[in-house]
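Predicted model follows, preceded by the sequence.
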Amino acid sequence: MTVTEQIRSLETLAKVDADLKRLEDQLSAERATLDTLTASRRKLDVQLTSERMSLATTEKKRGELVGEVRSTTQQIEHSRDKLGRARNERESNAAQRELEELRKLLRDHEDELTKVTGESEVARQRILATETQHLEVSEELAAKGGTIQKGVTVLERDVSKKREERTAMAKQLPAQLFRRYEIIRIKKGSAVAQTTDGTCRACNMALPPQLFHRLRREPVIELCPSCQRLIYFLAPSAAREVES
Ligand SMILES: [Zn+2]
């Protein structure tokens with residue numbers, strides 16, 4: 001393999017890697033959208049369970065208070081009968097005191113019942129709002145999920161095709177050159193740079209004149225001293241082609 005051929009292969013490899021990176025970015029963006037929707041539905045599931053449990057606790061308390069109110073009301077009737085049957089002032093006073101205490105107790109229970117009924121209503125409203133949100137997310141997931149999944153499948157196929165292409169190209173290059181290419185690509189995102197006029201097209205730094213001279217004289221692959229990418233000379237006509 002001549003150096004010119006190596007340069008052409010590196011160029012193609014760099015292009016495939018750029019495509020691959022774009023595809024992989026797209027793929028992870030699509031997956032992220034799907035993951036976000038799924039995660040927000042899961043969060044709403046958990047929230048609904050907890051809100052329903054909290055409502056059940058409040059309802060249980062409310063049931064107990066209804067029972068308390070009923071039994072205190074019965075006790076009051078009982079106490080009123082006792083007052084009616086009082087045979088002397090002492091019994092009458094005692095029944096009166098008992099009646100007052102029971103009435104106060106009833107008021108306390110009724111106040112508590114009003115409070116808990118209010119809490120229960122708030123909890124119901126909250127559940128209703130969460131259920132609405134849950135429905136919205138589920139519908140969005142149903143609508144988008146299929147499309148996204150299809151897109152992901154297509155992208156995954158493109159990515160694996162590009163990877164195969166890449167493996168084949170990597171085998172053509174001298175092993176040492178490919179290893180250097182990989183080390184630089186992993187570190188910098190892209191590994192190949194060109195120069196047409198003495199500046200590196202990747203980092204825009206001026207190359208030492210001797211290096212530029214060497215690159216221009218014959219096909220050779222060197223390292224840019226500034227960005228450490230593999231660099232070679234690109235004729236002005238070819239550069240115009242790349243840019244157009
Ligand atoms: Zn450079």
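Now that the structure is in, tell me what you want to look at. Note that the coordinates shown come from a computational prediction; the quantities given were computed from them, not determined experimentally.

So which bits of the protein are right by the ion?
Counting by CB under 5 Å from the ion, the chain comes close to the ion at Cys200, Ala202, Cys203, Cys224, Ser226, Cys227. Just so you know, the C-beta spots here come from the backbone N, C-alpha and C atoms, and that holds for glycine as well.

Can you say which helix or strand has the residue most central in space within the chain in it?
Residue closest to the average C-alpha location in the chain (CA atoms, centre = their mean): Thr36, at 3.9 Å. Using DSSP states H and E, Thr36 sits within helix 3-84.

Please name every helix or strand in contact with the longest helix along the chain.
Longest helix of the chain, by residue count under DSSP state H: helix 89-172. Here helix 89-172 touches helix 3-84, going by 3 or more CB pairs under 8 Å, 6 or more residues apart in numbering; DSSP states H and E.

Contacts for stretch 230-241 next, please.
7, 10, 180-181, 184, 191-197, 200-202, 207, 215-216, 219-224, 242 (CB atoms under 8 Å, 6 or more residues apart in numbering).

What about those residues, which are in helices?
Using DSSP H, the subset of the contacts of stretch 230-241 located in helices is Ile7, Leu10, Arg180, Tyr181, Ile184, Leu215, Arg216, Val242.

if I look at the fourth one, how far off is the ion?
Meaning Tyr181. For Tyr181, the distance to the ion (CB to the ion, to the nearest Å) stands at 15 Å.

show me the contacts for Arg41.
Counting by CB under 8 Å, 6+ apart, Arg41 touches His134, Val137, Ser138, Leu141.

Could I get the residues you listed in JSON lines, plus columns for distance to Glu59?
Below are those laid out as JSON lines (distance: CB to CB, whole Å):
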{"residue": "His134", "distance to Glu59": "21"}
{"residue": "Val137", "distance to Glu59": "27"}
{"residue": "Ser138", "distance to Glu59": "26"}
{"residue": "Leu141", "distance to Glu59": "31"}
